[in-house]
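**Q** here's a sequence, model it:
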Amino acid sequence: MDTVSVNQFRDHLKNFVEQVVSQHAPIKVTRRAGEDFVVVSADDWERDQETLYVLQNSDIMRQIAASMGTHKSGEGYKPTAEEADEIAGV
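**A** The predicted structure follows:
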């Protein structure tokens with residue numbers, strides 16, 4: 001993650017915003033008299049929030065673990081060729 005001063009960020013706001021949005025690279029902005037902050041694109045923020053929700057939801061994590069177990073043992077659900085084509089959008 002790139003780090004810039006609040007003065008640099010202010011002076012080059014448009015360029016930094018474009019970098020954050022197009023490269024999906026957050027930027028840490030430092031301030032002399034205060035706490036630092038991070039600039040992140042809305043898409044990246046929403047993705048991270050969804051990930052945190054899943055990781056904090058014990059029921060979903062149990063379902064994922066059970067699914068991984070059946071997949072590794074070859075006991076999981078196997079779609080038909082037609083279902084696989086539909087899933088793949090073929």
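**Q** okay, domains of the chain per the record?
**A** 2-40, 43-76 (automatic domain parsing).
**Q** tell me which of the ones you listed sits most buried.
**A** Among those, domain 2-40 has the highest mean neighbour count (mean count of other C-beta atoms under 10 Å), at a mean of 13. In short, each C-beta sits where N, CA and C put it, glycine included.
**Q** and the strands in this protein?
**A** Per DSSP state E, the chain carries strands over the ranges 2-5, 27-30, 37-39.
**Q** and these as CSV, adding mean pLDDT and distance to Glu46?
**A** Output for the strands of the chain, formatted as CSV (pLDDT from 0 to 100; distance: least, C-beta to C-beta, whole Å):
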stretch, mean pLDDT, distance to Glu46
strand 2-5, 95, 21
strand 27-30, 97, 18
strand 37-39, 97, 15
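**Q** could you dump those to a markdown table with distance to Gly69?
**A** Compiled in a markdown table, the strands of the chain are given as follows (distance: least, C-beta to C-beta, whole Å):
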| stretch | distance to Gly69 |
| --- | --- |
| strand 2-5 | 41 |
| strand 27-30 | 39 |
| strand 37-39 | 37 |
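**Q** could you point out which of these sits nearest Ala65?
**A** For Ala65, the closest of the strands of the chain is strand 37-39, at 31.3 Å, according to C-beta to C-beta.
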